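# Predicted model follows, preceded by the sequence.
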Amino acid sequence: MEIVQLIEVEGNILTFEDDQGRKIVFPVDKKLAEEYKKNLSDQAEDQEPFLFERSQMELLRR
C-alpha cells in the first residue's frame, strides 16, 4: 500500500507527492478540486498532512 500526500490544488489539478518525493499531477472535476482545496486548507491550519492511498486516487476520476 503506497501512501501519497496531497500538497497542492490549482484549478482542476491535484498535485500529490509520494514517499520518494515524486510529484503526481492528477486532473479531476473542477467542483471536486474546489472541495479538496478547502480540505487541504483546513488540514494546513491543523498542521496535519492530507494523505491518500495511491489506489484511492483512481476513484477520484469517477
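Received the coordinates, thanks.
# what about the strands in this protein?
Taking DSSP state E as the criterion, the chain carries its strands at 3-10, 13-17, 23-27, 50-53.
# Could you pick out the longest helix of this protein?
Ranked by residue count and defined by DSSP state H, the top helix of the chain is helix 30-45.
# which other helices and strands contact that helix?
strand 3-10, strand 13-17, strand 50-53 (3 or more CB pairs under 8 Å, 6 or more residues apart in numbering; DSSP states H and E). For every residue, glycine as well, the C-beta is placed using N, CA and C.
# Include mean neighbour count when you put those strands into CSV, please.
What follows is the helices and strands packed on helix 30-45, written out as CSV (neighbours: other CB atoms under 10 Å):
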stretch, mean neighbour count
strand 3-10, 16
strand 13-17, 17
strand 50-53, 15
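# between these, which gets the lowest average pLDDT?
For the helices and strands packed on helix 30-45, mean pLDDT drops lowest on strand 50-53, to a mean of 83.
# which stretches of the protein have low pLDDT?
Applying pLDDT under 70 to the predicted model, the residue ranges of the chain that meet it are 61-62.
# Which residue, neighbours along the chain excluded, lies closest to residue 43?
If you skip the residues right next to it in sequence, residue 43 has residue 50 as its closest partner in space, 4.6 Å away by CB to CB, 6 or more residues apart in numbering.
# hang on, the one you found packs against residue 4?
No: contact between residue 50 and residue 4 fails when scored by CB atoms under 8 Å: they sit 9.6 Å apart.
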